[in-house]
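*Asks:* structure for the following, please:
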Amino acid sequence: MYTTEKFVTKNRLLSVIENTSDSIIVANQKGEIIFWNKASTKIFGFDPEEALGKKLNIIMPEEMHSLHNAGMSRYMKTGEKKLIDQTVSINGKKKDGSIVPIELSLSSWKEENKTFICGIIRDVSNRKKNEREILDLRGIISSSPSCLKLLNKNGELLRMNSAGLSLIEAENFASVDRANVYDIVHEEDREAFIKFNKFICAGNEGSLIFKIVGLGGTERIMESFARSHKLESGEAAHLAITNEITERIKAEKELLEKDQELEEAKRLSVIGEFAAGIAHEVNNPLAIIHSRSQLLELQFDQLEIKDEKKIESIRNSLATIKQTVIHTTDLIKNLKTFSSKADFKNLELIPLEEVINTALKISQNRCSNAGIDITLEIDSNIKVVCSNAGLSQVILNLIINAIDALEGIEERWIRIKTNVSDKRLQIIITDSGNGIPDEVVKKIMHPFFSTKEPGKGTGLGLSISLKSIEKMNGDFYYNPNSDNTEFIIEFKSFEV
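*Replies:* Below you'll find the model as predicted:
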């Protein structure tokens, strides 16, 4: 019974050794391999028949052979142990000659006056790789010019690299460890940052622009890209890369101010071009009012109660005065709408016909004098989300360009039509010109580019028009496929 149990136990032990994930190799006192399990083949590549009976040198780099031979000889003669009963990290050699990092634990025993050595070997390639990656990552984090930080759901600082410490003006991490980041976020943005931190810690990712006040009192504008990160404790945290964008925001603000200045300059330029026409439009009605007023005085002097013709004449004169005043008032009203500063922050749903009429009423006299017919093919029910002043400015710019371009052309017309398809509204402004050369098309949207003679154009009209339409969430482009000169304005936000 005892013998049977011993036999079963031995076989079970051999089965475990054979199938373990660690390489187990046994060598005799001559250094010859007498046991080789499956994991040994997986690590070193030798099949059992290739390894059994061979020296242990077959799994060692050549530079270790002499040391190994000397160590085996010394141990067999004197029993002195250096590596036996220890775990060491060394390199092994595979069948193909490649090197593999291993962790080796050696033990020995004697049986029937013979010495045996057993090595338990583990492939640590992945661990070494991970260690290198961790070291590399730590190096990147340490040397990164961006602030890398880790916060918990309460806003407490758990980690921050040197770049981040510099931005918040902290001497070292120990001085801010577990400090609440909310305290250095500017009060204007603090509530938004608290919501952002809770959002990230809830398992989300996102970005936020906010202002901080450093420990030294310096204000900075920051942009943070964050995602949720699970700590070893299982708690959700906020991992972020944050960069200072103070100078970028300042530059963007200055650029916006310059754009607005250019826009104002262009608007004044356009108004200047129409100044003579406007003066003519206003002076003529005033002259009519003046002459009719004189006539009224004379008629009233000669008035007889039964003189129906004179009464009718007075009525007609008064009607003419009324119509003329209405026309003048309407003209001035449209000019006021056009010359007002476009508000791109508060866009409104406005009838498109109203916007187009604003531009037409200002330009119609000049078009008439130039012999240009303007036709409209628009749906009067369309309303578009825009700035009235901004969109009418763009349409007027295109009309002005068309008037100048059609000078000297026999057939002169401008057509404004609408097209609704694929959930997009197109406002198509076409004139009878022969189109724009390809080499010019590439430049027409660039600021200060103009094909007009010096003094006749600023070169800002189309570039400002493009920016204006973009500010109204639309698209603006030249159509090279038209037989004539055609520009298209597109909007997604509209009603029919």
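*Asks:* from here on, contacts and neighbour counts on C-alpha atoms
*Replies:* OK.
*Asks:* hmm, who's touching stretch 213-221?
*Replies:* Applying C-alpha atoms under 8 Å, 6 or more residues apart in numbering, the contact partners of stretch 213-221 are 167-170, 184-186, 209-212, 244-246, 249.
*Asks:* most widely separated two among those residues?
*Replies:* Using C-alpha to C-alpha, the pair of the contacts of stretch 213-221 lying farthest apart is 170 and 249, separated by 24.2 Å.
*Asks:* who has more neighbours out of those two?
*Replies:* residue 170 (16 against 13; other C-alpha atoms under 10 Å).
*Asks:* leaving out the residues flanking it, which one is nearest to that one?
*Replies:* The spatially closest residue to residue 170, leaving aside those adjacent along the chain, is residue 215, at 6.6 Å (C-alpha to C-alpha, 6 or more residues apart in numbering).
*Asks:* which positions in stretch 93-112 come out as buried?
*Replies:* If you call a residue buried by 16 or more other C-alpha atoms under 10 Å, then stretch 93-112 has these buried ones: 93-94, 99-108.
*Asks:* which one of those is nearest residue 48?
*Replies:* residue 94 (13.8 Å).
*Asks:* who touches the residue nearest to that closest one when sequence neighbours are not counted in this structure?
*Replies:* Excluding the flanking residues, the one nearest residue 94 by C-alpha to C-alpha, 6+ apart is residue 44, at 4.3 Å. Residues in contact with residue 44 (C-alpha under 8 Å, 6+ apart) are 59, 92-95.
*Asks:* in the stretch 51-200 of the chain, which spans are strands?
*Replies:* Counting by DSSP state E, counting those that start in this stretch, the stretch 51-200 of the chain has strands at residues 87-93, 99-111, 114-123, 147-152, 157-160.
*Asks:* now do the SS call for the closest residue to residue 38 other than its chain neighbours.
*Replies:* Spatial nearest neighbour of residue 38, chain neighbours left out: residue 18 (6.0 Å); criterion: C-alpha to C-alpha, 6+ apart. Following DSSP: H, G, I helix; E, B strand; the rest coil, we place residue 18 in the helix state.
*Asks:* ok, back up a step: what's the distance between the residue nearest to residue 94 and residue 129?
*Replies:* Distance, residue 44 to residue 129, by C-alpha to C-alpha, to the nearest Å: 18 Å.
*Asks:* chain neighbours aside, what residue packs nearest to residue 375?
*Replies:* Nearest residue to residue 375 in three dimensions, chain neighbours excluded: residue 415, at 4.9 Å (C-alpha to C-alpha, 6+ apart).
*Asks:* what is that neighbour paired to in the beta sheet?
*Replies:* Here residue 415 sits in beta bridges with residue 375, residue 430, as judged by DSSP bridges.
*Asks:* oh, and call the first residue 548 from now on, that's how I've got it
*Replies:* Will do, 548 is the new start, and the previous item becomes residue 962.
*Asks:* and it, what does it touch?
*Replies:* Counted by C-alpha under 8 Å, 6+ apart, residue 962 has contacts 921-924, 975-978.
*Asks:* most centrally placed residue in the protein?
*Replies:* residue 754 (10.2 Å; C-alpha atoms, centre = their mean).
*Asks:* number of residues surrounding residue 1035?
*Replies:* 18.
*Asks:* please name the nearest non-neighbouring residue to it.
*Replies:* residue 975 (4.6 Å).
*Asks:* test my guess that the one you found contacts residue 967.
*Replies:* No - contact criterion C-alpha atoms under 8 Å: residue 975 and residue 967 do not qualify, at 10.9 Å.
*Asks:* please say which of the two ends up with more neighbours.
*Replies:* Neighbours of residue 975 and residue 967, each counted by other C-alpha under 10 Å, are more numerous for residue 975; the result is 20 against 16.
*Asks:* mind telling me what element that one is part of?
*Replies:* Per DSSP states H and E: residue 975 is located in strand 971-978.
*Asks:* buried ones in that strand?
*Replies:* For strand 971-978, the neighbour count (16+ other C-alpha under 10 Å) marks 972-978 as buried.
*Asks:* and stretch 923-941, by the same measure?
*Replies:* 925, 929-941.
*Asks:* count of neighbours near the nearest residue to residue 976 once chain neighbours are set aside?
*Replies:* Distances taken as C-alpha to C-alpha, 6+ apart put residue 963 closest to residue 976, at 4.7 Å, once the chain neighbours are dropped. Using other C-alpha under 10 Å, residue 963 has 20 other residues around it.
*Asks:* can you tell me the helix or strand for residue 754?
*Replies:* Residue 754 belongs to strand 752-760 when assigned by DSSP H and E.
*Asks:* what pairs with the helix or strand just after that strand, parallel or antiparallel?
*Replies:* Next along the chain after strand 752-760, taking DSSP H and E as the criterion, comes strand 766-777. Next to strand 766-777 in the sheet, as set by DSSP bridges, lie strand 752-760 (antiparallel), strand 783-791 (antiparallel).
*Asks:* and stretch 719-736, how far out from the chain's middle?
*Replies:* 27 Å (C-alpha atoms, centre = their mean, to the nearest Å).
*Asks:* what does that stretch rub up against?
*Replies:* Counting by C-alpha under 8 Å, 6+ apart, 701-707, 709, 712, 715, 717, 737, 740-741, 757-762 sit against stretch 719-736.
*Asks:* got the buried residues of stretch 923-941 as CSV, with secondary structure, pLDDT and distance to residue 786 columns?
*Replies:* Putting these into CSV (DSSP: H, G, I helix; E, B strand; the rest coil; pLDDT from 0 to 100; distance: C-alpha to C-alpha, whole Å) gives the following:
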residue, secondary structure, pLDDT, distance to residue 786
925, coil, 92, 54
929, coil, 93, 48
930, strand, 94, 46
931, strand, 94, 43
932, strand, 94, 39
933, strand, 92, 40
934, coil, 89, 41
935, helix, 86, 45
936, helix, 82, 45
937, helix, 86, 43
938, helix, 91, 44
939, helix, 88, 48
940, helix, 84, 47
941, helix, 89, 46
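*Asks:* that concludes my questions; thank you for your assistance.
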